[in-house]
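1. Sharing a model that was predicted from the sequence below.
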Amino acid sequence: MSSLFAQYDPGDFFDEMFSAPGEVRPHYRLLLERSERLSSEDFNRKRQIAELSYLNQGITFTVYNDKQEGTERIFPFDLIPRIIPRQEWEHVERGLKQRLTALNAFLDDIYHDQRIVKEGVIPEEIIRSARHFRPEFMGFNVPKNIHIHVCGTDLIRDREGRYLVLEDNARCPSGVSYVLESRMTMKRVFPQLFSRYGVRPVDRYAQDLMDVLEHIAPPGAGGDPTTVLLTPGIYNSAYFEHSFLARAMGIGIVTGEDLVVQNDRVFMKTTKGLRPVHVIYRRIDDDFLDPDVFRPDSLLGVKGLVEAYRKGNVSLANAIGTGVADDKVVYYYVPDMIKFYLGEEPILPNVETFLSAVESDRKYILENLENLVVKSANESGGYGMLIGPKATKEEIGQFRSLIEADPRNFVAQPVISLSRSPSWCEGAMEGRHIDLRPFILCGEEIRIIPGGLTRVALRKGSLVVNSSQGGGSKDTWVLDGGKED
Amino acid sequence: MLSRVGDSTYWMGRYIERAENNARLLDVNVQMLLDLENKGGETARQFWRPILSTLEDTELFDELHGELTPAAVLDYVTFEPRNPNSIQSCISFARENARAVRDQISSEMWGQVNETYLYFRDGSAGRDFQSNSHDFYEKVTESSQLFQGVTDATMTHGEAWRFIQAGKFIERADSTSRILDLKYHILLPSGEQVGGNVDISQWMSVLRSCSGMEAYLKIRKGDVTSWGVAEFLICHREFPRSIRFCVDRLDEVLHEISGAGSGQFANEPERLSGLLRSQLDYATVDSIYRTGLHEYLDGVQGRLIEMDIAFHRTYCAY
């Protein structure tokens, strides 16, 4: 066994690489063999090359609540890839397609007839009280009947290695630029390994996204729609990604200030005067899109944009109001949606979830807070979360009163023993928990980037993979060949 | 192209150029100071004050530093974050503008400006400055030149590129006029004569600050005179840092942006650049010295400022 992995202990978890100490899984065998030729000095040197290339390219994210200068940080990158065999990926892919189809059907239904409510599958109260439900858009027909064009669904694997859905991100999911950049970095650092392994490429993503955006262009745009990416600006935590995607698609990146609406048509201010805009890939939440309709204090949005959208003069991706589908309480009902709209059994199950809005569940939650993960319904990025087994008495008390005050706003899940992957931690390979965020595009058809963003909780024992909470990333390899197992 | 993008690319071009010019100016003068050092603190003060006036940075400096010492001036013009024209500030602004138009510029350009930014941010710049200021300033100059080269070689020479060029040449014309004007502010030490050793060595440092020493010596066969230097840095047609050269390029690039034919103007910035261009075409060193070199340069700087304002109004904030 190689020096890098000689001391590695998979522990009492589902380990992606080893089925037992010293027992490498078949699809990792080649990686292990290759790594035998690497000393830890070689490995460290490769790591430094990768880090430097991230820093020099400005592949950074911004941390909130950090008053000092230097709010830009590089996203820690771990060189050991996460490898997914072909059959395993095909299963995941089928499950994600099924799920997104159901979510889009749900949004269409919820903004029209609300059959799913009328037939008693989801209580009306849940929809009405969902923070990101937009009753203003009842009866509105979105272009090509697609609400969610880009979805990031977070998957985890449990102790048995089963893939479970942790949450859906149906508003402005981010992270895909890290997938594309980390692939380029890995190819630079381990060129030979790639040629041997048969890794499915990810670089079609930008073209696929562009196809989706052009697919939903308003008919008035003629054959040559102008598409732009709307960003909150260079201080936004995901600005690197915004500019990355705009470059990859060859479209302009605009801020709210660059756009103006006249006669319900959207224009951008150029050096040659005003130019019409037809499709906006917006990376701004609904709340900030248009100060006339949503938050009046928003400086990021464009006055009149929503009216132009209603009139069908401009298309938005994602559509307004998709947030009702990624509400963590609505999440609970996604398996029911799949049955209701598609008449199918869910291929990828949810994590077992308790709703504090339901009295019997709430009782259970309050009695078992120290064993549960509690999430508020509408936060993301690892904020507003309680991890029972790691929490102090005060934190548990605090969440108890929060839940009692606003039961609609919380869900709880058992602590899942997330799968682990070997990761380089201060000079040794150690197991660290990971998740997976594939990016799913819905245009003429549903396309999924092979793999996605594998996030890794680099802090020892931590289950939180968010970049704002000490998480890093790994390259995700979906294999082309069929017979690794 | 978006107006905001035009604005950012223009300023990116200006800031990169400004950082380079400041670096060269300081480098040359640090070396010149070596010749003067034995002449006591008063000379040093007389020498550094004009540098600040040249950069129009006197007021803030006095506010931040009670006493004028060479070290304080160097730190102020090189690193002071509160000085918007310090080299470090210029690099930060250039990088911020580059970040805002990351999708318009090549990865190589971004990589170059970001690397320079990180060089200042992580403290390496400060350490290099302490260990050898000449090597340090040379490095800063080189990083700007590398950026210019990479820009030419990797970016489409379209509208955004032209905005960068407009920023670069307007800044360079302004900078050359200020460096030349520096000589006006520097007093000759008492007992020194015009045309004497110290006078000539000051003119040589002006040339060096514009990277013009070698080109000048070739043209003038080694004869350094005040008239010769002024004529060279103002009127020379082919030296890439002369005011005339920069204004010619600026005028051309403005016409490329608007599509107007040369010799005509489609908007106010073109009218102003055409005016200045023809004035420089027909200037002689005699006429310049009759006006007074300082007054003449002041006039040029005024024109450049008007042009900057008109440019902004025409393309960015209409």
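-> Great, that's in hand.
2. Check which element follows the helix ranked longest in chain B along the chain.
-> Ranked by residue count under DSSP state H, the longest helix found in chain B is helix B:3-36. Next helix or strand after helix B:3-36 toward the C-terminus (DSSP states H and E): helix B:41-54.
3. which helices and strands does that following helix pack with?
-> Under the contact definition 3 or more C-beta pairs under 8 Å, 6 or more residues apart in numbering or on different chains; DSSP states H and E, helix B:41-54 sits against helix B:3-36, helix B:58-64, helix B:70-78, helix B:159-185. (Glycine included, C-beta is placed from N, CA and C.)
4. What residues of the first one count as buried?
-> Neighbour counts over helix B:3-36 (16 or more other C-beta atoms under 10 Å in any protein chain shown) mark B:3-29, B:32-33, B:36 as buried.
5. just those residues that are near chain A?
-> Restricting the buried residues of helix B:3-36 to those adjacent to chain A (criterion: C-beta under 8 Å from any C-beta of the partner chain) gives B:3, B:4, B:5, B:6.
6. give the contact list for the closest residue to chain B within the stretch 301-450 of chain A.
-> Closest residue of the stretch 301-450 of chain A to chain B, C-beta to the nearest C-beta: residue A:302 (13.7 Å). Residues near residue A:302 by C-beta atoms under 8 Å, 6 or more residues apart in numbering or on different chains: A:256, A:259, A:260, A:261, A:266, A:289, A:290.
7. how close does residue A:169 get to residue A:142?
-> Here residue A:169 is placed at a distance of 19 Å from residue A:142 (C-beta to C-beta, to the nearest Å).
8. same question, residue A:280
-> According to C-beta to C-beta, residue A:280 stands 13 Å off from residue A:142.
9. Residue B:92 now?
-> Applying C-beta to C-beta, the value for residue B:92 to residue A:142 is 43 Å.
10. When these two are compared, which one has more neighbours?
-> residue A:142 (25 against 19; other C-beta atoms under 10 Å in any protein chain shown).
11. Provide the secondary structure category for the residue of chain B at minimum distance from chain A.
-> Going by C-beta to the nearest C-beta, chain A is nearest to residue B:102 of chain B, at 3.8 Å. Here residue B:102 takes the coil state, with states given by DSSP: H, G, I helix; E, B strand; the rest coil.
12. Take the helices and strands packed on helix B:41-54 and lay them out in a markdown table including distance to residue A:92 and mean pLDDT.
-> A markdown table is the format used below for those (distance: least, C-beta to C-beta, whole Å; pLDDT from 0 to 100):
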| stretch | distance to residue A:92 | mean pLDDT |
| --- | --- | --- |
| helix B:3-36 | 40 | 90 |
| helix B:58-64 | 60 | 88 |
| helix B:70-78 | 55 | 92 |
| helix B:159-185 | 42 | 94 |
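13. So which residues on chain B come close to chain A?
-> Within chain B, the positions near chain A by C-beta under 8 Å from any C-beta are B:1-6, B:96, B:99-100, B:102-103, B:107, B:110-111, B:114-115, B:118, B:121, B:159, B:163, B:257, B:315-316.
14. Now do the same contact list for residue A:477.
-> Shown in contact with residue A:477 (C-beta under 8 Å, 6+ apart): A:81, A:82, A:83, A:84, A:197, A:199, A:200, A:451.
15. ok, now with 6 Å
-> Taking C-beta atoms under 6 Å, 6 or more residues apart in numbering or on different chains, we find residue A:477 in contact with A:81, A:83, A:199.
16. next one: residue A:183
-> Neighbours of residue A:183 in contact, by C-beta under 6 Å, 6+ apart: A:202, A:475.
17. Now it: phi and psi?
-> The phi/psi pair for residue A:183 (degrees, to the nearest 10) reads phi -60, psi -40.
18. Also residue A:261?
-> Dihedral angles for residue A:261 - degrees, to the nearest 10 - are phi -110, psi 130.
19. So it sits against residue A:308, correct?
-> Yes - in this structure residue A:261 lies within contact range of residue A:308 using C-beta atoms under 6 Å: 5.3 Å.
20. So the two - more neighbours on which side?
-> Counted by other C-beta under 10 Å, residue A:261 and residue A:308 do not tie: residue A:308 has more neighbours, with 24 against 21.
21. give me the element that one is part of.
-> Using DSSP H and E, residue A:308 falls in helix A:305-310.
22. For the residue nearest to residue A:227 when sequence neighbours are not counted, name its beta-bridge partners.
-> Nearest non-adjacent residue to residue A:227, counting by C-beta to C-beta, 6 or more residues apart in numbering or on different chains: residue A:279, 4.2 Å away. Beta-bridge partners for residue A:279, by DSSP bridges, are residue A:227, residue A:315.
23. now do residue A:454
-> When assigned by DSSP bridges, residue A:454 has beta-bridge partners residue A:436, residue A:474.
24. separation between it and residue A:359?
-> Note on residue A:454: its distance to residue A:359, by C-beta to C-beta, is 38 Å.
25. Neighbours of residue B:142, how many?
-> 13.
26. same thing with residue A:343?
-> 7.
27. what sits against the closest residue to residue B:167 other than its chain neighbours?
-> Leaving aside its sequence neighbours, residue B:167 sits nearest to residue B:13 (C-beta to C-beta, 6+ apart; 2.9 Å). Residue B:13 makes contacts with B:164, B:167, B:168, as judged by C-beta under 6 Å, 6+ apart.
28. Over to residue A:309?
-> Taking C-beta under 6 Å, 6+ apart, we find residue A:309 in contact with residue A:316.
29. the inter-axis angle of the least confident helix or strand in chain B by mean pLDDT versus helix B:159-185?
-> Taking mean pLDDT, DSSP states H and E as the measure, chain B has helix B:41-54 as its least confident helix or strand, at a mean of 78. Angle, helix B:41-54 to helix B:159-185, by axes from the mean of the first three to the mean of the last three C-alpha atoms, to 10 degrees: 140 degrees.
30. May I see the buried residues of helix B:41-54?
-> By neighbour count with 16+ other C-beta under 10 Å, helix B:41-54 contains the buried residues B:44, B:46, B:47, B:48, B:49, B:50, B:51, B:52, B:53, B:54.
31. My guess is residue A:319 contacts residue A:148. True?
-> No - Residue A:319 lies out of contact with residue A:148 (C-beta under 6 Å); the separation is 7.4 Å.
32. Residues of the stretch 101-250 of chain A that sit close to chain B?
-> A:234, A:243, A:246, A:247 (C-beta under 6 Å from any C-beta of the partner chain).
33. Once you drop chain neighbours, what's closest to the second one?
-> When you say that, I think you mean residue A:243. Closest residue to residue A:243 apart from its sequence neighbours, by C-beta to C-beta, 6+ apart: residue B:102 at 3.8 Å.
34. before we move on, the earlier item: how about the contacts of residue B:13 in CSV, adding neighbour count?
-> CSV is the format used below for the contacts of residue B:13 (neighbours: other C-beta atoms under 10 Å in any protein chain shown):
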residue, neighbour count
B:164, 31
B:167, 29
B:168, 26
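35. where does the stretch 51-200 of chain A have low pLDDT?
-> A:61-72 (pLDDT under 70).
36. how about the helices in it?
-> In the stretch 51-200 of chain A, the segments counted as helices under DSSP state H, counting those that start in this stretch are A:86-110, A:115-118, A:124-128, A:176-189, A:191-197.
37. in the last one, what's buried?
-> So that's helix A:191-197. Neighbour-count burial for helix A:191-197 flags A:193, A:194, A:197 (criterion: 16+ other C-beta under 10 Å).
38. mind checking how far it is from the chain centre?
-> The chain centre lies 28 Å from the centre of helix A:191-197; the measure is C-alpha atoms, centre = their mean, to the nearest Å.
39. Show me what secondary structure element comes after it.
-> That would be, after helix A:191-197 and using DSSP H and E, helix A:205-215.
40. Point to the residue nearest the middle of the chain.
-> Unless you meant another one, I'm taking chain A. In chain A, the centroid-proximal residue (C-alpha atoms, centre = their mean) is residue A:152; its distance is 3.4 Å.
41. that answer is for a different chain, and I need it for chain B
-> Centre-nearest of chain B using C-alpha atoms, centre = their mean is residue B:175, 3.1 Å out.
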